[in-house]
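Novice: sequence and predicted structure below; questions after.
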Amino acid sequence: MELKFKHLATPRAAGVAGVVFAVLTAAAIVLVRLALPDGGDGVTLDAGQRNGIRTALELVPFSGIAFLWFMGALREQAARAEDRFVATVFLGSGLVFVATLFGAAAAAGTVLGESQQGPSFGSHFAYALLTTYAMRMAAVFIIATSTIGRRRGILPRPLVVIGYLAGLTLLVAGTGLPWSELVFPAWALLLSLNILWGRHSAGAPPAAPA
């Protein structure tokens, strides 16, 4: 079952932006995780780790822009006829997620200007923003999107179930589950590929009659 959108241009934009967001965010999370394992406790940053953090910080702004485009395109199609409560939660959680993601990136950037000896306030602050706050807002966004998709029948049932499971995972067990931050970009990638596949199927010419 594919997504059933009335207009094809906006779903394509949502799908492409979602893929870009998922890839850039996952890459940034992996780079920061490798450079600052366990929040940076007892870590002496070498040149490679610092370069990894710098690369992640370069990716985050583009990731945030792609997510805003992704969210806006989804809202144009999926949230237009939704009740105000769910639509407000959808929009608010997405905006707060981007704000906390940028805050976490800014905090991680302070590590580059600090001493290389041991843990730092910047690394702990970045991890707290990312794992405790940004991922909680990501969980709310996933649940709100899945709810809209279920109510309007524009998301296949398996994807709705996966969305609820991903949202609950980030909401309940996010901080205690290593690498759980990758759940959000993985869900966004899955949703985006489904959108693009739905558009491709919708645009395919009908089969010739036998």
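Specialist: Okay, I see it. Numbers count the residues shown, from 1 in each chain.

Novice: what distance do you get for residue 150 to residue 94?
Specialist: 18 Å (CB to CB, to the nearest Å). To be clear about C-beta, it is placed using only N, CA and C from the backbone, and glycine gets the same treatment.

Novice: pLDDT at the closest residue in space to residue 22 that isn't next to it in sequence, what is it?
Specialist: What sits nearest to residue 22 in space, not counting adjacent residues and going by CB to CB, 6 or more residues apart in numbering, is residue 189, at 3.7 Å. pLDDT for residue 189: 95.

Novice: residue 189 - how many residues pack around it?
Specialist: For residue 189, the number of neighbouring residues by other CB atoms under 10 Å comes to 18.

Novice: could you do residue 184 as well?
Specialist: Neighbour count for residue 184, taken as other CB under 10 Å: 29.

Novice: again, but for residue 19
Specialist: Neighbours of residue 19 (other CB under 10 Å): 20.

Novice: list the contacts for it?
Specialist: When contacts are counted by CB atoms under 8 Å, 6 or more residues apart in numbering, residue 19 touches 189, 192, 193, 196.

Novice: would you mind measuring from the second one to residue 105?
Specialist: This points to residue 192. Taken as CB to CB, the span from residue 192 to residue 105 is 22 Å.

Novice: max-length helix in the chain?
Specialist: Secondary structure of the chain per DSSP state H: the longest helix is helix 47-78.

Novice: pLDDT of that one, averaged?
Specialist: In this model, helix 47-78 carries a mean pLDDT of 87.

Novice: related to what we said a few turns ago, and residue 150 and residue 94? Which one has more around it.
Specialist: Applying other CB under 10 Å to residue 150 and residue 94 shows that residue 94 carries more neighbours, namely 23 against 16.

Novice: first-to-last residue distance for stretch 167-184?
Specialist: One end of stretch 167-184 sits 8 Å from the other (CA to CA, to the nearest Å).

Novice: who touches it?
Specialist: The contact list for stretch 167-184, computed with CB under 8 Å, 6+ apart, reads 25-26, 29-30, 33, 130-132, 135-136, 138-140, 142-143, 146, 166.

Novice: residue contacts, the residue nearest to residue 22?
Specialist: Contacts of residue 189 (CB under 8 Å, 6+ apart): 18, 19, 22, 23, 26.

Novice: secondary structure added to the residues you listed, as TSV?
Specialist: Shown next, in TSV, are the contacts of residue 189 (DSSP: H, G, I helix; E, B strand; the rest coil):
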residue	secondary structure
18	helix
19	helix
22	helix
23	helix
26	helix
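
Novice: out of the residues you listed, which comes closest to residue 53?
Specialist: Lowest distance from residue 53 to the contacts of residue 189 (CB to CB) belongs to residue 26, with 15.8 Å.
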